[in-house]
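*Asks:* need the 3D shape of this:
(one chain, ligands or ions: 2)
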Amino acid sequence: MIKIAPSILSADFANLQKDIQDVEQGGADYIHIDVMDGHFVPNITIGPLVVEAIRPITTLPLDVHLMIEDPDTYIPAFAKAGADIISVHVEACRHLHRTVQLIKAEGVKAGVVINPATPVESIIPILDDVDLVLLMTVNPGFGGQAFIESVLPKISQVRSLITERGLSVEVEVDGGVNPETAARCVEAGADVLVAGSAIYQQADRKKAISSIRGN
Ligand SMILES: O=C(CO)[C@@H](O)[C@H](O)COP(=O)(O)O
Ligand SMILES: [Fe+2]
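*Replies:* Residues are numbered from 1 along each chain as shown. Ligands and ions are numbered 1, 2, ... in the order given. Down below sits the predicted model:
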């Protein structure tokens, strides 16, 4: 079963509770939270206080995507705020194993993220230690961007690496996911699909989630 992780970056921030509960009732599997610091990416979004406020209003796992410099400084705060999965960009980590160990020491699942231009080879050394690999299909920073087609072979490459090693690691895709691109990501080997605008721009979120799932 394909998991759907609506990105609240495209939700109405003045009505976050309603927009989160709407996707929970619509069949979402995770709530994807995009954390941006204005340094690693040219946008500023959500901090641990907002994650803490969201925690009691949903039973879904909180999938926290850190697009920040120096993630080690902030990981404990996001874990304490209630994150279930914390994913960090290889491009932002000077000592990747140390960062992943820190996430796990906080009792949280660890994910590793690569930008569209970062080769899959960069995650091979950490594959045994993570719960999730997130492949960006846009350059991080904003919702509503166009899907970058050239990432599709990277999804298949990551899926093969995981299968060859007999690992249980989820393959998540993020950026420009809609019913049409979702089908190709799944065909390539993705099992978790993040979608922001394709869900929140639709009045019927349940229907939007089902069509991304391919139902
Ligand atoms: O991490 C990011 C953007 O940096 C994403 O999670 C976006 O929020 C996805 O938005 P859509 O491309 O689905 O509109
Ligand atoms: Fe994201």
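*Asks:* what separation do you get for the one residue in the chain that gets nearest to ligand 2 and ligand 1?
*Replies:* Closest to ligand 2 within the chain is residue 65: 3.8 Å, counting by C-beta to the ion. Just so you know, the C-beta spots here come from the backbone N, C-alpha and C atoms, and that holds for glycine as well. As judged by C-beta to the nearest ligand atom, to the nearest Å, residue 65 and ligand 1 stand 5 Å apart.
*Asks:* so what touches the helix or strand harbouring that residue?
*Replies:* Here residue 65, judged by DSSP states H and E, is contained in strand 62-67. If you take C-beta atoms under 8 Å, 6 or more residues apart in numbering as the criterion, strand 62-67 is touched by 5, 30-37, 40-41, 51, 54-55, 74-75, 78, 82-89, 92, 111, 113, 134, 140-141, 172, 174, 194.
*Asks:* restricting to C-alpha, output whichever helix or strand comes after it in CSV.
*Replies:* Toward the C-terminus, strand 62-67 is succeeded by helix 71-81 as the next helix or strand (DSSP H and E). Presented in CSV, the C-alpha positions along helix 71-81 are these (Å, rounded to 0.1, in the frame of the first residue of the first chain):
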residue,chain,number,x,y,z
PRO,A,71,20.5,20.3,11.8
ASP,A,72,22.3,18.8,14.9
THR,A,73,21.5,22.0,16.9
TYR,A,74,17.8,21.7,16.3
ILE,A,75,17.1,17.9,16.2
PRO,A,76,16.6,17.5,20.0
ALA,A,77,14.0,20.3,20.0
PHE,A,78,12.1,18.8,17.0
ALA,A,79,12.2,15.3,18.7
LYS,A,80,10.9,16.7,22.0
ALA,A,81,8.1,18.6,20.1
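*Asks:* what is the residue of the chain closest to ligand 2 paired to in the beta sheet?
*Replies:* residue 34, residue 87 (DSSP bridges).
*Asks:* pLDDT wise, what is it at?
*Replies:* Residue 65 carries a pLDDT value of 99.
*Asks:* distance of it from residue 164?
*Replies:* 26 Å (C-beta to C-beta, to the nearest Å).
*Asks:* returning to that earlier point: what angle separates the strand holding residue 65 from helix 71-81?
*Replies:* Strand 62-67 runs at 160 degrees relative to helix 71-81, counting by axes from the mean of the first three to the mean of the last three C-alpha atoms, to 10 degrees.
*Asks:* oh, and call the first residue 638 from now on, that's how I've got it
*Replies:* Okay, using 638 as the starting number, the last item reads as strand 699-704.
*Asks:* in strand 699-704, what counts as buried?
*Replies:* Burial within strand 699-704, assessed by neighbour count using 16 or more other C-beta atoms under 10 Å, is assigned to 699, 700, 701, 702, 703, 704.
*Asks:* give me the neighbour count for the residue lying closest to residue 684 once chain neighbours are set aside.
*Replies:* Distances taken as C-beta to C-beta, 6 or more residues apart in numbering put residue 672 closest to residue 684, at 7.1 Å, once the chain neighbours are dropped. Residue 672 is flanked by 25 other residues according to other C-beta atoms under 10 Å.
*Asks:* OK, contacts around residue 672?
*Replies:* Residue 672 touches 682, 683, 684, 701, 702, 703, 704, 705, 711, 715, counting by C-beta under 8 Å, 6+ apart.
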